[in-house]
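1. Predicted model follows, preceded by the sequence.
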Amino acid sequence: MNQRFTVFFTVAFVSIFFGSCLHSNIGGADFRYSPNHIQLSTVKDLYRFLTYDEKRYPLISAHRGGPMPGFPENAIETFENSFRYQPLIIECDVRMSKDSVLVLMHDETLDRTTTGSGKIHETDFAALRKMRLKDPEGKATNYRIPTLDEALKWGKGKVVFTIDVKRGVPYAAVIEAIRRNNAAAYSVVITYSADEAAAVHQLAPNIMISASIRSTDDLLRLGDRNVPDNRLVAFVGTSEASPQLYDRLHGHGILCILGTMGNLDKQAATRGDTVYVGLVERGADILSTDRPIEAGKALNAYRNRHKLTSPFTK
């Protein structure tokens, strides 16, 4: 075999091998590895991307990053896996170690999602770093607990984060991490009351806020506290909002996040993933889901059918 043929054969083999590896079968469907970046250079880009209009580009938010077998919740490796399939919002959770390091973790304790035990706020970061993360089936992986800084550095030019700040973690510390990593253009801070939203806005007037808005009164309370509409996305809950609330929020230019994790995801798994399309058609703009691959495939078909595009997705 001459040298030229050897080189040709090697290149062809590598191309075929890696091409096949960039496909995976999830949920019985074939998906091509195709990263879809959300590229936002400035905070003004984020405002534009997350402002409602009639041609809005509906999105998936991967709850806790989109865990699945082999991929733990709140792990950068899981974010990377979820990001492969679609333009994506990553919902993640932040807690603080004993020595004040911001880490990604949902629970107050370590037992469910790591090989360690005890409370996070009673554990130094060095000890946290030695633990391995468990996937949803409870199997230990080789992945470690990431810091918020590491996640923000990874996400630049790729995704938008919605950051769930857990009890006991100062909003000021999270905002400082966002600023330290120049991440305001792709970060949204989650709040659960008008007072919390106002506190975040006072600390950082340019930061986008996810506010819990389940009624017109909730929207009025935010206005009374001088939180501008163009700094808000609305979390309307885990059941569908009324058409009147969707219309009111859209009239203010506010996108609506509907949490499908739980009953609505179960409905889609039972009745078919077109359930997700119905939720969007009735007013939801962002679906926060535990089934980001399946929901994303349904929304991608919807976007293609209606020829919906965004200048910020690549």
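-> It's in.
2. The strand ranked longest in the chain pairs with which strands, parallel or anti?
-> When the chain is parsed with DSSP state E, its longest strand is strand 88-96. Strand 88-96 has the following strand partners under DSSP bridges: strand 59-62 (parallel), strand 102-104 (antiparallel), strand 160-165 (parallel).
3. same question for that strand, mean pLDDT?
-> Averaging pLDDT along strand 88-96 yields 98.
4. Check for me that A151 belongs to a helix.
-> Yes - according to DSSP: H, G, I helix; E, B strand; the rest coil, A151 belongs to a helix.
5. Hmm, it is touching V103, no?
-> No - taking Cβ atoms under 8 Å as the definition, A151 is not a contact partner of V103, at 9.5 Å. The way it works is simple: take the backbone N, C-alpha and C, and place the C-beta from them, glycine included.
6. Show me which of the two is the more surrounded one.
-> When neighbours are counted by other Cβ atoms under 10 Å, A151 and V103 differ, and A151 comes out ahead with 27 against 24.
7. contacting residues for the more buried one?
-> By Cβ atoms under 8 Å, 6 or more residues apart in numbering, the residues touching A151 are I76, F79, C92, L104, F161.
8. Look up the pLDDT of the last one for me, please.
-> pLDDT recorded at F161 is 98.
9. count of residues packed around it?
-> Using other Cβ under 10 Å: F161 sits among 26 other residues.
10. follow-up on the earlier one: out of the strands paired with strand 88-96, deepest packed?
-> Highest mean neighbour count of the strands paired with strand 88-96: strand 59-62, a mean of 28 (counted as mean count of other Cβ atoms under 10 Å).
11. can you list contacts of stretch 233-246?
-> Contacts for stretch 233-246 (Cβ under 8 Å, 6+ apart): 50, 162, 188, 190, 208-216, 219, 249, 254-264, 279, 282-284, 286, 288.
12. Which of those residues fall in strands?
-> 162, 188, 190, 208-212, 256-259, 286, 288.
13. Of those, which is the nearest to N230?
-> Taking Cβ to Cβ as the measure, N230 lies nearest M208 of the ones in strands among the contacts of stretch 233-246, at 8.9 Å.
14. any idea how far that closest one is from L255?
-> M208 sits 10 Å away from L255, going by Cβ to Cβ, to the nearest Å.
15. Which residues are in contact with each of these two?
-> The contact lists of M208 and L255 share L50, V233, where a contact means Cβ under 8 Å, 6+ apart.
16. Dump the ones in strands among the contacts of stretch 233-246 into CSV; add distance to E294 as well.
-> Listed next are the ones in strands among the contacts of stretch 233-246 as CSV, based on distance: Cβ to Cβ, whole Å:
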residue, distance to E294
T162, 20
V188, 24
I190, 24
M208, 27
I209, 29
S210, 23
A211, 28
S212, 26
C256, 21
I257, 18
L258, 16
G259, 16
I286, 16
S288, 14
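17. now the helices for the stretch 101-250 of the chain?
-> When assigned using DSSP state H, counting those that start in this stretch, the helices of the stretch 101-250 of the chain occupy the ranges 125-130, 148-155, 171-180, 194-203, 216-224, 243-251.
18. Residues contacting the shortest one, please?
-> Helix 125-130 is contacted from outside by S97, K98, D99, V101, V103, L110, G116, I120, R144, I145, T147, using Cβ under 8 Å, 6+ apart.
19. buried subset of those?
-> S97, V101, V103, L110, G116, I120, R144, I145, T147 (16 or more other Cβ atoms under 10 Å).
20. The residue positioned nearest the centre of the chain: what's it in contact with?
-> Among the residues of the chain, the one closest to the centroid is I90, at 1.4 Å (Cα atoms, centre = their mean). By Cβ under 8 Å, 6+ apart, the residues touching I90 are S61, A62, G65, G66, F79, S82, F83, G155, V159, V160, F161, T162.
21. now do A172
-> L203.
22. follow-up on the earlier one: which among the helices of the stretch 101-250 of the chain is found nearest to D45?
-> So among the helices of the stretch 101-250 of the chain, helix 148-155 is nearest, using Cβ to Cβ, at 14.4 Å.
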